[in-house]
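*Asks:* The following comprises the amino acid sequence and a computationally predicted model.
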Amino acid sequence: MPLNRRKFLKKSAVTGAGVALAGAAAAPAAQAAEQKPGRPPKRYSLTVLGTTDLHGHVFNWDYFKDAEYSDAKGNAMGLARVSTLVNQIRQEKGRRNTLLLDAGDTIQGTPLTYYFAKVDPITAKGGPVHPMAQAMNAIGYDAAALGNHEFNYGIETLRKFEDQCRFPLLGANALDAKTLKPAFPPYFIKKFQVPGAPPVKVAVLGLTNPGIAIWDKAYVQGKLTFPGLEEQAAKWVPKLRSMGADVVVVSAHSGSSGTSSYGDQLPYVENSAALVAQQVPGIDAILVGHAHVEIPELKVTNTATGKTVVLSEPLCYAERLSVFDFELVFEKGRWTVESVAASLRDAKTVADDPKITRLLKDEHALVVEYVNQVVGTATATLTTVDARYKDAPIIDLITKVQEDVVKAALAGTAYASLPVIAQASPFSRTSEIPAGEVTIRDLSGLYVYDNTLVAKLLSGAQVRAYLEYSAEYFVQTAADAVVDTEKLTNAGGRPDYNYDYVSGFSYDIDIAQAAGSRIKNLTCNGAALDDAQQFVLAVNNYRANGGGAFPHVASATEVWSESTEIRTRIAEWVTAKGVLDPAEFASVDWKLTRNGTPVF
């Protein structure tokens, strides 16, 4: 069976049997619980807890800084903290009256998750149990939705993680590309016993992000397809109600804003959780994920029924825990949701759960040792602090490594004579490679994503269009206006990771001009760019697959690709050199101007 369908069918059969049993028992219990004259109706209080976008954060630890995590707001993070919060609430409400969910992006995002995907992989024969599976099993999660980053290491790693979890990974809109049937369990149903009344049946529908089809195309193309959240919710919610669900909760790895990132998901909406609430009748609450924003409570009116649907999104990295409090009443032979209220609990208000600390202290120590390995020596400090608006040597390091890798890969091929150019983005505003010893964590902090390298063919004209699109990142600023670097970038909400340097050229970005007309004095090897000339672009897989909607690159001819992460290539390059000297890779290729006058 394709894509582990046998496992899904087994899980579905178990879930289905539970639902059938509950339905069979409901009729006599309902008769016994019918309200008698003068007696108040039966009531039940249910609490649903939720996390999202954990991204491998078990402890309140920053592996890139080799120190306890801290930020300007005093936040704390990690599943060890969430475990303490969950224990508190279970004690308050009664564990049998609580449900614990997650809304996805679990197994990617820290050196901890990278280590157990690549260095000591869970897929190896006799390999380890993923630390996120260990932690979530120990805390007692009931179900989790798939996030888009679950697919970053390939389907084999995801399936192994799924096997190691004692709870289902849900994805009603993650379909087998051949059969168009769910490749993962679409839903999960749990019964809550109520003395003297039928059980309360809670259905959890899991939905993930359609952008997976673009962002992880190399892994999922031809294997999985990802239709829109609204359409799949409209298909499954009525089924869950017909199966006797008294409460329907959606765990959605999709933000609430109704927007998409630069057309990445067209024709599907990337952040569609509120649209699902608005368009699909029968939903009581939605645990929101993906957007990395904090929403204590958002009320959305369903247009068909007029009913209020309550949404909540806890802050990412296990910094917050969403708490949905349901009040139900049993009347006329059925349970009805009378009210739902959502709130957040804050991880910084509690200490780590010592059970989780003990459980994963060895895995944590292994990763700390790994990231602190010294791989070279830097002759100068390199930083990304102003890399958004000045050509920074630290970004030139990334493009240099990518150029060298692609040139070596294309040697002896029909493309060997073409000039190799490279793109890179200022992912972090705080990365630093200090002068002196350079460690893996220094380099990992520079390249925080698990992107891999692809080589694509572009013409000079296409490169020009690519650069113009990238330059839309800057806010249009008149020649006589005061320049505030904090307000100079991220025009239209574009994130830093969707601004690209491109090596191999010299050019100005005139921010006094309107978007689309900003690239000036574009030259290659000292001469004006020839629009017909062919180049090989060394580009990360996110961008190569259309992430950020940069023009031409997704449809361009691919001449080479690999599965080794770019951050690994950077570490290999520095290790081979021994000495990290900016003289070998740094150059000022671009600058910001206003009407031809440099900004800085």
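*Replies:* Yes, it's here. Residues are numbered from 1 along each chain as shown.

*Asks:* what's the burial count for Lys520?
*Replies:* The number of residues packed around Lys520, counting by other Cβ atoms under 10 Å, is 13. All C-beta spots, glycine's among them, are computed from the backbone N, C-alpha and C.

*Asks:* how much space between the nearest residue to Phe505 once chain neighbours are set aside and Gln91?
*Replies:* Distances taken as Cβ to Cβ, 6 or more residues apart in numbering put Cys524 closest to Phe505, at 5.5 Å, once the chain neighbours are dropped. The gap separating Cys524 from Gln91 is 67 Å, by Cβ to Cβ, to the nearest Å.

*Asks:* Tell me which of these two has more neighbours.
*Replies:* More neighbours surround Cys524 than the other of Cys524 and Gln91, with 18 against 10 (other Cβ under 10 Å).

*Asks:* Could you list the low-confidence segments of the stretch 251-400 of the chain?
*Replies:* For the stretch 251-400 of the chain, the stretches flagged by pLDDT under 70 are 262-266.

*Asks:* Which parts of it are strands?
*Replies:* Taking DSSP state E, counting those that start in this stretch to define them, one finds strands in the stretch 251-400 of the chain at 285-288, 295-301, 308-313, 320-331, 334-346, 374-378, 382-383.

*Asks:* Mind giving me the packing neighbours of the first one?
*Replies:* Contact analysis of strand 285-288 by 3 or more Cβ pairs under 8 Å, 6 or more residues apart in numbering; DSSP states H and E lists strand 42-51, strand 247-252, helix 273-279, strand 308-313, strand 320-331 as its packing neighbours.

*Asks:* what's the most buried one of the ones you listed?
*Replies:* When neighbours are counted by mean count of other Cβ atoms under 10 Å, the highest per-stretch mean among those falls to strand 247-252, a mean of 30.

*Asks:* Excluding chain neighbours, give the residue nearest to Lys299 in space.
*Replies:* Lys299 sits nearest to Thr308 (Cβ to Cβ, 6+ apart), 5.1 Å away.

*Asks:* about what we covered before: now render the helices and strands packed on strand 285-288 as TSV, adding distance to His130.
*Replies:* Shown next, in TSV, are the helices and strands packed on strand 285-288 (distance: least, Cβ to Cβ, whole Å):
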stretch	distance to His130
strand 42-51	16
strand 247-252	20
helix 273-279	27
strand 308-313	24
strand 320-331	21
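
*Asks:* Enumerate every residue touching the nearest residue to Ala347 once chain neighbours are set aside.
*Replies:* Among residues not flanking Ala347 along the chain, Arg81 sits closest, at 3.8 Å (Cβ to Cβ, 6+ apart). Under the criterion of Cβ atoms under 8 Å, 6 or more residues apart in numbering, the neighbours of Arg81 are Asn60, Ala318, Ala347, Lys348, Val350, Ala351, Asp352, Asp353.

*Asks:* quick check, Arg81 in a helix?
*Replies:* Yes: judged by DSSP: H, G, I helix; E, B strand; the rest coil, Arg81 forms part of a helix.

*Asks:* Next one: it from Asn87, what distance?
*Replies:* Look at Arg81 and Asn87: by Cβ to Cβ, they are 11 Å apart.

*Asks:* Flag the helix or strand of the protein with the lowest per-element mean pLDDT.
*Replies:* helix 5-33 (a mean of 37; mean pLDDT, DSSP states H and E).

*Asks:* any idea how far Gly445 is from Leu207?
*Replies:* The value you get for Leu207 to Gly445, if Cβ to Cβ is used, is 32 Å.

*Asks:* Correction: the previous question concerned Asp246.
*Replies:* 48 Å.

*Asks:* next one: Gly516
*Replies:* From Gly516 to Gly445 the distance is 34 Å (Cβ to Cβ).

*Asks:* okay, the two: which has more neighbours?
*Replies:* Gly445 (24 against 11).

*Asks:* That one touches Arg429, doesn't it?
*Replies:* No: counting by Cβ atoms under 8 Å, Gly445 stays clear of Arg429, with 11.5 Å between them.

*Asks:* returning to that earlier point: which residues are in contact with each of Arg81 and Asn87?
*Replies:* Contacts common to Arg81 and Asn87, judged by Cβ under 8 Å, 6+ apart, are Asp353.

*Asks:* got any ranges where the chain has weak pLDDT?
*Replies:* 1-38, 262-266.

*Asks:* mind listing the helices in the stretch 51-200 of the chain by residue range?
*Replies:* 79-93, 111-114, 131-139, 155-164 (DSSP state H, counting those that start in this stretch).
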